[in-house]
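Enquirer: have a look; sequence and predicted model below, questions after that.
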Amino acid sequence: MSKLSTGAEIVFKCLEDQNVEFIFGYPGGAVLPIYDELKNHSSIKHILVRHEQGAGHAAEGYARSSGKPGVVLVTSGPGATNVVTALTDAYMDSIPLVCISGQVPTHLIGTDAFQECDTTGITRPCTKHNWLVKDIKDLSRIIHEAFEVATTGRPGPVLVDIPKDIQFQKTTYSKPKREKKLNGKKHNDFNQKDIDELIKLMSKASKPIFYTGGGVINSGPKASTLLRELVDATGFPITSTLQGLGSFPGDDNSFLGMLGMHGTYEANNAMHDCDLMINIGARFDDRITGKIDEFSPKSKKVHIDIDPSSINKNVKVDLPIIGDVQDVISSTLKTIKKVKPNFANSNKQKISKWWEQIQKWREKKSLDYVNSTETIKPQYAVQRLYELTKGKDTYITTEVGQHQMWAAQHYKFDKPNRWMTSGGLGTMGYGLPAAVGVQIAHPKKLVIDIAGEASVLMTMQEMSTAVQYNLPIKIFILNNEYMGMVRQWQELLHDKNYSESYTAALPDFVKLAEAYGCVGIRATNPNELDDKIIEMLNTDRPVIFDCLVDKQENCFPMIPSGKPHNQMLLGPKDQEQNKITGKGKTLV
Amino acid sequence: MSKSAYSTPGKKGKFDKHIIVVWVDNEAGVLARVVGLFSGRGYNIESLAVAEVDAKLNISRITIVTTGTPQVIEQIKLQLRKLVPVHKVADFKREDKNVIFKEMALFKLVGNVSKRKKAFNACKKYNAVILDKTNKSYVVQVTALRREIDIMSKNLKKLGLVSVSRTGAVAMTRGAETFK
């Protein structure tokens, strides 16, 4: 008879066989047997966070920057409920997470026992799937299946809830099996006919555009390489969603910048006026489309996505292609090479007018802002940060709000997996713990959280984690003392009634850094900004950088709600004629 | 400009009634996953019938009557197919002549014999069976369409109907074919 293992041992054997190197977690009563077993498994390192939400976001940062699933370990009750925000975040942004939670012993389930909650019930709508393990014999199969579900198809979070008595019980461990696809769910559901149809549309189009998203990143680094080849092979312009940044070089001439609510003028107008839109791994999110009824009215739409339920969910498309982005682009490239080997050149004439039009939109310079010699403009701060860190293969995370949009607009990425931001759920407090996870995955790389002072306070406790594991993350706070995006909406839409969006008491971030045992740096004016950033970059320890920026600055351009792409609100230079804001005095 | 960070609703399409049949692994929480999907995404459930249909393969069959625009119905099917325990999903339009729909109802009728006889006769065209009989009462089983049972339960009120219990609709295609 083969050797018997406890449930806790089986958890680790599964993790070992799944090549897990790091777990982000926090101990508690219902997971103590698993924590007890930790010492016997030296290949797995546990990262102790300060709050379970932090564990979840750190695992997301780890997953997004490494392409491997993030693993979270939490206790029952509050441990599980605290991780719900991170699970929902990962669900919205398609990040593979495996969360293992402890549960009260099976005989106490349903009795309102101490630290009991209906974990599988609570997490059902925010996971791809979850399991409550009621029989030790199911444990190894379920954990292996959990990894399979999290990492295949459109990735996402899963949760395995393990009652404490199951962690003590013994059975034989079984290795992962190469299983047939779960209940017939498959990745690729396209054929050569779809690709031929796509190429036909491409050769007919005179105003084409690629609209790419997080699916390109999720498909693996190869997909980004192929995307570059595809843009070269067609000569088409390309724009990207927030989540797709990095899959195509941000400083390439074919790249129109990010699209959407705070996207560039050229990207949004091109989306509106195009006659062929090729969506690669994006999902027609409402921040992208603006008013659906007037979204890109004249275009044929192609949608390449691994998730069949993304097709026609928000926008009806003409040609759906269901498959892994990498496989679809690869087939497309092969076919182009075969049937139209010189497509980009032969087609140049046909789309030259389109490029001229795009050039006209570009001349609007929609990301421009009025700089100042007295106060640091937040856009300027991001630009300087970019100039001083480019070439260092920097990993950027963000919190949520104005700073996030400025980072997306002004920091240029040229590789995938370097940009970690909470797009779907929009979770303030994401960036700091995510930076912890990124630094764990890439110990030698420069990791910066571009933050706002309001967001970062939501998960500030994780600085303590960074200090414990000597993770030299840089928290670059654009401090305007406001919840800036809330303030901006209140200014534009609620008659400047700044209801509860000003934080009247903020900590001294430099002293706070010192209290955590890391380094605090403050920049108060544009003249010292570069020196202070360089000081931050030269510090081989965690840093909180308090960058005091203009308190009134708004994020432009923007698509006002209820408007289509071609009715953007531009920045202050363009706003003199604009009655909606009329705040020239604070901007000049 | 609207005072919202969200877009205003667009034009709504026409609503159709559909019967969605879902074959699932009969495991803990599977029904909660299916109905949670409906409530979470704002889809309607008009009726629901669920039971294990294959004890060996551990398969349950869930029949859901729902209404929605063609786009919503399409989403319902695609979202259901993504659930891990879901094997297959069938979708029938309510008007589809090739599909049989049936609901069952139990009526408790209380009153004198002539009144009860009258009530039972009214039920006769819906495969009525008397399942229980006392001096004062009948329990009658009928199988019919939803709207027929609606009408029956309204009309029988004056004939001594005191209690109604009814199932959700179940559906099956006509002919020798089964849904693959």
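Expert: Nice, I can see it. The shown structure was predicted, so the numbers you read here are calculated from the model rather than taken from an experiment.
Enquirer: just give the nearest non-adjacent residue to the closest residue to chain A within chain B, would you?
Expert: Chain A sits closest to B:Leu78 of chain B, with a gap of 3.7 Å, by C-beta to the nearest C-beta. All C-beta atoms are positioned from the backbone trio N, CA, C, and that covers glycine. Counting by C-beta to C-beta, 6 or more residues apart in numbering or on different chains, A:Ser309 is the residue found nearest to B:Leu78 once chain neighbours are left out, at 3.7 Å.
Enquirer: are we agreed that B:Gly35 is in a helix?
Expert: No, residue B:35 isn't Gly; it's Val. Yes: counting by DSSP: H, G, I helix; E, B strand; the rest coil, one finds B:Val35 located in a helix.
Enquirer: what kind of secondary structure is the nearest residue to A:Tyr211 once chain neighbours are set aside in?
Expert: Of all residues not flanking A:Tyr211 in the chain, A:Asn279 sits nearest, at 4.9 Å (C-beta to C-beta, 6+ apart). Of the three states, A:Asn279 takes strand under three-state DSSP.
Enquirer: count of neighbours near A:Asn279?
Expert: Number of residues near A:Asn279 (other C-beta atoms under 10 Å in any protein chain shown) recorded here: 26.
Enquirer: for A:Leu38, same thing?
Expert: Applying other C-beta under 10 Å, I find that A:Leu38 has 18 neighbouring residues.
Enquirer: doesn't A:His46 make contact with it?
Expert: Yes: A:Leu38 is within contact range of A:His46, at 5.8 Å (criterion: C-beta atoms under 8 Å).
Enquirer: on that earlier part again, okay, now the residue nearest to B:Leu78: neighbour count?
Expert: By the measure other C-beta under 10 Å, the count of residues near A:Ser309 is 18.
Enquirer: please tell me how far it sits from B:Val89.
Expert: Here A:Ser309 is placed at a distance of 12 Å from B:Val89 (C-beta to C-beta, to the nearest Å).
Enquirer: do A:Gly424 as well
Expert: Taking C-beta to C-beta, one finds A:Gly424 at 25 Å from B:Val89.
Enquirer: contact partners for A:Asp293?
Expert: Counting by C-beta atoms under 8 Å, 6 or more residues apart in numbering or on different chains, A:Asp293 makes contact with B:Gly10, B:Lys11.
Enquirer: next up, phi/psi of it, please.
Expert: phi -60, psi -20 (degrees, to the nearest 10).
Enquirer: can you map out the strands along the stretch 151-300 of chain A?
Expert: A:157-163, A:170-171, A:208-212, A:238-240, A:255-258, A:276-280, A:300-305 (DSSP state E, counting those that start in this stretch).
Enquirer: check chain B too.
Expert: B:16-25, B:47-54, B:59-68, B:86-93, B:99-110, B:129-133, B:137-144, B:161-166, B:170-173 (DSSP state E).
Enquirer: which stretch among those comes nearest A:Ile396?
Expert: For the strands of chain B, the distance to A:Ile396 is smallest for strand B:86-93, at 38.5 Å, taking C-beta to C-beta.
Enquirer: show me what contacts the residue nearest to A:Thr394 when sequence neighbours are not counted?
Expert: Nearest non-adjacent residue to A:Thr394, counting by C-beta to C-beta, 6+ apart: A:Leu446, 4.7 Å away. Listed by C-beta under 8 Å, 6+ apart, the contact set of A:Leu446 reads A:Thr389, A:Lys392, A:Asp393, A:Thr394, A:Tyr395, A:Lys474, A:Leu537.
Enquirer: pull out the buried members of those residues.
Expert: For those, a burial check counting by 16 or more other C-beta atoms under 10 Å in any protein chain shown picks out A:Thr389, A:Thr394, A:Tyr395, A:Lys474, A:Leu537.
Enquirer: adding pLDDT, write those residues out as a markdown table.
Expert: Formatted as a markdown table, those follow (pLDDT from 0 to 100):
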| residue | pLDDT |
| --- | --- |
| A:Thr389 | 98 |
| A:Thr394 | 98 |
| A:Tyr395 | 98 |
| A:Lys474 | 98 |
| A:Leu537 | 98 |
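Enquirer: out of those, who's nearest chain B?
Expert: Nearest to chain B among these, with distances taken as C-beta to the nearest C-beta, is A:Tyr395, at 29.2 Å.
Enquirer: tilt between the longest helix anywhere in chain B and strand B:59-68?
Expert: Criterion DSSP state H: the longest helix present in chain B is helix B:70-82. Relative orientation of helix B:70-82 and strand B:59-68, computed by axes from the mean of the first three to the mean of the last three C-alpha atoms, to 10 degrees: 160 degrees.
Enquirer: who touches helix B:70-82?
Expert: By C-beta under 8 Å, 6+ apart, helix B:70-82 touches A:128, A:185, A:307-309, A:311-313, A:316, B:13, B:16, B:18, B:20, B:22, B:34, B:37-38, B:41, B:43, B:66, B:68, B:86, B:88-89, B:91.
Enquirer: kindly recompute the last result at 6 Å.
Expert: Among residues not part of helix B:70-82, those counted as contacts by C-beta atoms under 6 Å, 6 or more residues apart in numbering or on different chains are A:Pro308, A:Ser309, A:Lys313, B:His18, B:Val22, B:Leu37, B:Tyr43, B:Val86, B:Val89, B:Asp91.
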